[in-house]
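Novice: with the sequence up front, the predicted model follows.
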Amino acid sequence: MDYIKASDAILQRIQAMNKRAEDLQKAGLYFYNQPVTELRGGARVLVNGREMGMFASYSYLGLIGHPKINAAAKAAIDRYSTGTHGVRTLAGTLAIHRELEETIAAFKHAEAAITFSSGYATNLSVIASLLGRGDYVISDKLNHASIVDGCLMSGAKFLRFRHNDMESLEARLEQVPDDAARLVVADAVFSMDGDIIDFPRMVEICRKHHAWLMIDEAHSVGVLGQTGRGIEEHFGMMDAIDIKMGTLSKTIPSVGGYIAGRKDLINYLRHSTRAYIFSAALPPAQAAAAKAAFEVILEEPWRVEKLRANSHQFIQGLKQQGFDTLYTETAIVPVLCGEDEVAYRMTREAQLRDVFVLPVVSPAVPPGLSRLRATVTAAHEPEEIQHALDVIGEAGRKIGVI
Ligand SMILES: *Cc1c(COP(=O)(O)O)cnc(C)c1O
């Protein structure tokens with residue numbers, strides 16, 4: 001590697017990042033990339049030889065390990081094996097992909113659906129395939145990185161509005177030239193803060209300004225709405241989103257992403273989205289698991305109800321102890337700590353007492369708003385949640401967060 005000069009900017013970037021991680025490791029404050037070695041039921045895991053309560057999972061309805069879903073994945077391996085013959089457009093499409101897409105379309109109350117091999121790739125590639133130079137995309141400031149990257153990649157004019165501020169959204173739309181195509185995009189539930197987008201007002205503004213509306217439901221499927229169908233059900237507005245995006249890696253315990261919407265939109269995406277045309281099809285076991293999971297959500301509605309009760313218990317318990325949890329109303333619960341170091345120390349205290357939470361620091365969140373980003377699921381029992389509240393509360397008092 002001696003052809004790389006010590007002054008090389010790439011090398012410096014690598015070394016700076018590695019030093020940040022190494023310094024934290026030396027101080028015993030590095031908690032990322034730890035392997036789980038065993039699952040112990042729905043909400044407990046083995047990490048570093050310790051059994052911990054899992055409070056950092058995206059498996060909101062506790063579907064990881066569900067017998068029907070595991071059985072569907074195993075049956076798909078027996079029927080189709082482990083891989084596909086390539087990309088969907090060519091030889092990679094299996095009957096199970098079509099069945100999954102029909103299931104998603106029905107679940108999301110849409111004419112059709114298309115799946116991709118990751119949620120990240122879905123946002124990136126779909127936004128880039130719908131928009132180009134001369135178009136406008138208007139995005140919430142706290143939207144997920146995959147949306148931001150898709151907006152940048154599209155080459156469209158990229159405007160951002162203040163987080164969940166509908167006056168700011170409208171002001172942005174007023175900047176768009178009359179004849180320009182415009183897409184408004186937002187998370188339904190924000191991935192770092194857990195708050196819900198002001199959907200009714202957003203829909204109204206988009207209609208008034210003739211903008212397409214794309215909503216990312218990564219953290220709202222299974223979480224919002226009486227039967228877990230997401231934000232449209234939550235607000236009783238079933239057909240208000242033009243481009244319904246979601247992931248198969250959170251409430252749905254698989255991997256992949258989807259778009260549901262009108263037939264002509266989905267057909268267009270099948271013939272123009274590069275992540276679909278140039279990246280391998282979902283493995284059959286993952287497609288079958290995803291399909292079974294959508295069915296389980298509807299068959300076991302108690303899970304949605306229990307998640308709601310658990311989230312309420314956890315958020316109220318933190319607030320009563322004096323923690324700042326921002327505006328969360330969902331299963332994602334930020335526990336504000338302030339500086340990065342404080343979030344790391346809070347994490348260590350919690351993990352030492354077998355509560356698996358993780359810190360989120362800048363640049364993922366603004367400086368000074370570092371936090372524990374805890375999650376609750378339908379797999380938790382009230383006693384486990386109370387234990388986590390006790391542990392986080394004691395840590396907060398010891399470290400001076402509360
Ligand atoms: C996780 C997430 C994604 C990406 O989904 P993956 O399937 O994990 O690639 C997209 N959007 C949001 C809001 C997310 O939280």
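Specialist: Nice, I can see it.

Novice: so R207 sits in a strand?
Specialist: No. Assessed with DSSP: H, G, I helix; E, B strand; the rest coil, R207 is helix; it does not lie in a strand.

Novice: burial count for the closest residue to the ligand within the chain?
Specialist: Residue of the chain nearest the ligand, by C-beta to the nearest ligand atom: G119 (2.3 Å). C-betas here are computed from N, CA, C, even on glycine. If you count neighbours by other C-beta atoms under 10 Å, G119 ends up with 22.

Novice: so it sits against T247, correct?
Specialist: Yes. Using C-beta atoms under 8 Å, G119 is in contact with T247, at 3.3 Å.

Novice: what do the two both touch?
Specialist: 218, 256-257 (C-beta atoms under 8 Å, 6 or more residues apart in numbering).

Novice: near the ligand too, which of the residues you listed?
Specialist: On the criterion C-beta under 6 Å from any ligand atom, 218, 257 are the entries of the shared contacts of G119 and T247 that sit beside the ligand.

Novice: which among the shared contacts of G119 and T247 end up buried?
Specialist: 218, 256-257 (16 or more other C-beta atoms under 10 Å).

Novice: which ones among the residues you listed map onto strands?
Specialist: G257 (DSSP state E).

Novice: of all the shared contacts of G119 and T247, which comes closest to R274?
Specialist: G257 (13.8 Å; C-beta to C-beta).

Novice: just give the closest residue to the spatially most central residue of the chain, not the sequence neighbours.
Specialist: Taking C-alpha atoms, centre = their mean as the criterion, A218 is the residue nearest the geometric centre of the chain, at 4.0 Å. Using C-beta to C-beta, 6 or more residues apart in numbering and skipping residues adjacent in sequence, the residue nearest A218 is T247, 4.6 Å away.

Novice: show the pLDDT at the one you found.
Specialist: T247 carries a pLDDT value of 98.

Novice: what does M1 give?
Specialist: 54.

Novice: with I4 instead?
Specialist: 68.

Novice: and the helix or strand containing C151, does that touch the ligand?
Specialist: In this assignment (DSSP states H and E), C151 forms part of helix 145-154. Yes. On the criterion C-beta under 6 Å from any ligand atom, helix 145-154 is in touch with the ligand at S146.

Novice: same list (the shared contacts of G119 and T247) but as JSON lines, adding pLDDT.
Specialist: Output for those, formatted as JSON lines (pLDDT from 0 to 100):
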{"residue": "A218", "pLDDT": "98"}
{"residue": "G256", "pLDDT": "98"}
{"residue": "G257", "pLDDT": "98"}
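
Novice: out of the shared contacts of G119 and T247, who's nearest H144?
Specialist: A218 (6.9 Å).

Novice: would you agree the closest one is in contact with L248?
Specialist: No. Using C-beta under 8 Å, A218 makes no contact with L248, being 9.9 Å away.
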